[in-house]
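**Q** model the following, please.
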Amino acid sequence: MESLSDEDKFDWEEIFELFNKPNVINADFRFKKINEKRIKEILVQGHEFSEERVEKQLEKLRGIVESQKQKGISKWF
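**A** Numbers count the residues shown, from 1 in each chain. Coordinates of the predicted model:
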C-alpha cells in the first residue's frame with residue numbers, strides 16, 4: 001500500500017472533533033428595518049434589475065416581516 005505524502009497526512013480525530021463539538025456561541029441577531037428605497041437604488045439603478053421583480057420580492061419580504069411580528073393576546077379570544 002502506498003504511503004501518503006507529508007502534505008496529504010492529517011489528523012482525522014481533530015477534524016472529527018471539529019464537526020462533532022464545534023466551538024460556537026449563541027448569538028441574538030436583531031435586524032434593522034429594511035430600507036426598501038436603498039435596495040431599489042442598488043438593484044434597479046445600480047445593477048439594472050427589473051423594478052417589477054424587485055418590487056415583487058420586497059412585497060414577499062414585507063409579508064414575512066409582518067407575519068413575524070408579535071401577536072396580541074386578543075388573537076386567542
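**Q** how far away is Ile34 from Ile25?
**A** Distance of Ile34 to Ile25, computed by CB to CB, to the nearest Å: 26 Å. C-betas here are computed from N, CA, C, even on glycine.
**Q** can you read off the pLDDT for the nearest residue to Glu51 once chain neighbours are set aside?
**A** Leaving aside its sequence neighbours, Glu51 sits nearest to Val44 (CB to CB, 6 or more residues apart in numbering; 4.9 Å). If you check Val44, the pLDDT there is 96.
**Q** what's the local residue count around Val44?
**A** 16 (other CB atoms under 10 Å).
**Q** so it makes contact with Glu55?
**A** No. Judged on CB atoms under 8 Å, Val44 makes no contact with Glu55 at a distance of 9.0 Å.
**Q** what's the separation between the residue nearest to Glu51 and Lys32?
**A** Taking CB to CB, one finds Val44 at 21 Å from Lys32.
**Q** longest helix of this protein?
**A** If you go by DSSP state H, the chain has its longest helix at helix 51-68.
**Q** got the CA coordinates for it in PDB?
**A** Extracted as PDB, the C-alpha positions of helix 51-68 are listed here (Å, rounded to 0.1, in the frame of the first residue of the first chain):
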ATOM      1  CA  GLU A  51     -38.100  47.100 -11.000                       C
ATOM      2  CA  GLU A  52     -41.200  44.800 -11.100                       C
ATOM      3  CA  ARG A  53     -39.200  41.800 -10.000                       C
ATOM      4  CA  VAL A  54     -37.500  43.700  -7.100                       C
ATOM      5  CA  GLU A  55     -40.900  45.100  -6.000                       C
ATOM      6  CA  LYS A  56     -42.400  41.600  -6.100                       C
ATOM      7  CA  GLN A  57     -39.700  40.300  -3.800                       C
ATOM      8  CA  LEU A  58     -40.000  43.300  -1.500                       C
ATOM      9  CA  GLU A  59     -43.700  42.500  -1.200                       C
ATOM     10  CA  LYS A  60     -42.900  38.900  -0.200                       C
ATOM     11  CA  LEU A  61     -40.400  40.300   2.300                       C
ATOM     12  CA  ARG A  62     -43.000  42.700   3.800                       C
ATOM     13  CA  GLY A  63     -45.300  39.700   4.200                       C
ATOM     14  CA  ILE A  64     -42.700  37.700   6.100                       C
ATOM     15  CA  VAL A  65     -41.800  40.700   8.300                       C
ATOM     16  CA  GLU A  66     -45.500  41.200   9.100                       C
ATOM     17  CA  SER A  67     -46.000  37.600  10.000                       C
ATOM     18  CA  GLN A  68     -43.100  37.600  12.400                       C
END
